[in-house]
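1. with the input below, show me the fold.
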Amino acid sequence: MSIAADLPAWTRRSSDLSKHSAEVFAEAEEHPVTVTRRDDESLVLMSQREAEGRSQLLNFAAQLITVTLDDNGPFAERMSRVFPWMLALSPADREACAQDLVNAARASFSTDQPHLAIAELTSWKETATAIAAGLRSAEAEWLDDETVERP
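-> Numbers count the residues shown, from 1 in each chain. Predicted structure coming up:
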């Protein structure tokens with residue numbers, strides 16, 4: 001039987017921190033855990049990674065709000081003003097990037113999963129950085145019919 005069988009998932013009593021700290025900390029590494037206190041406001045225990053992800057998502061949300069409040073030019077152009085690294089992308093890729101970022105942000109907000117938007121933002125930014133550095137996609141050379149002996 002679980003220690004917090006009568007409490008909602010991801011909720012623990014403050015006494016669980018002293019009696020079963022390893023179990024509570026293990027849960028907090030997986031997802032935020034609400035720690036209820038008898039005579040005070042509940043607290044939330046989470047990993048630093050989780051807290052930083054939420055902070056990054058809020059920062060990203062603020063940038064998207066800035067884009068939506070600007071009404072000068074097409075959406076991808078407004079996004080490029082807030083995210084200047086997008087200028088390294090082709091115009092078609094800027095359009096795709098802008099839409100992908102908005103879709104990922106919506107998914108992150110609706111599922112409470114910050115990593116969705118942050119991963120999309122990082123992926124597009126790294127792509128733009130690679131293009132700016134002169135890296136282009138090249139056809140892969142596959143070695144057909146080559147057998148390699150097992151070591």
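2. so which residues of this structure form helices?
-> For the chain, applying DSSP state H gives helices covering 14-19, 21-30, 48-69, 75-82, 91-111, 114-132.
3. which positions within the shortest one qualify as buried?
-> Spelled out, it's helix 14-19. Across helix 14-19, burial judged by 16 or more other C-beta atoms under 10 Å covers 16, 17. Every C-beta, even on glycine, is put in place using the N, C-alpha and C of the backbone.
4. ok, the last one next?
-> For helix 114-132, burial by neighbour count (16+ other C-beta under 10 Å) applies to 114, 116, 117, 118, 120, 121, 124, 125, 127, 128, 131.
5. what about it, distance to the chain center?
-> Relative to the mean C-alpha coordinate of its chain, helix 114-132 is positioned 11 Å out (C-alpha atoms, centre = their mean, to the nearest Å).
6. quick one: average pLDDT of that helix?
-> The average pLDDT for helix 114-132 rounds to 95.
7. looking at the helices of the chain, which is nearest to residue 41?
-> Using C-beta to C-beta as the measure, helix 14-19 is the one of the helices of the chain that comes nearest residue 41, at 11.3 Å.
8. ok so, going back, check the buried residues of helix 114-132 and tell me the two furthest apart.
-> Farthest pair in the buried residues of helix 114-132 (C-beta to C-beta) is 114 and 131. Separation: 26.1 Å.
9. domain parsing of the chain, as residue ranges.
-> Split into domains by automatic domain parsing, the chain comes to 11-46, 49-132.
10. with distance to residue 149 added, can I get the ones you listed in a markdown table?
-> Listed next are those as a markdown table, based on distance: least, C-beta to C-beta, whole Å:
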| stretch | distance to residue 149 |
| --- | --- |
| domain 11-46 | 43 |
| domain 49-132 | 35 |
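11. can you flag the weakest of the ones you listed by average pLDDT?
-> Of all these, domain 11-46 carries the lowest average pLDDT, namely a mean of 90.
12. before we move on, back to that, of the domains of the chain, which stretch is the most buried?
-> domain 49-132 (a mean of 16; mean count of other C-beta atoms under 10 Å).
13. now the end-to-end length of that domain.
-> With C-alpha to C-alpha, to the nearest Å as the measure, domain 49-132 spans 29 Å from end to end.
14. related to what we said a few turns ago, with distance to residue 38 added, can I get the helices of the chain in JSON lines?
-> Shown next, in JSON lines, are those (distance: least, C-beta to C-beta, whole Å):
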{"stretch": "helix 14-19", "distance to residue 38": "7"}
{"stretch": "helix 21-30", "distance to residue 38": "17"}
{"stretch": "helix 48-69", "distance to residue 38": "25"}
{"stretch": "helix 75-82", "distance to residue 38": "46"}
{"stretch": "helix 91-111", "distance to residue 38": "32"}
{"stretch": "helix 114-132", "distance to residue 38": "31"}
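15. nothing else from me, thank you.
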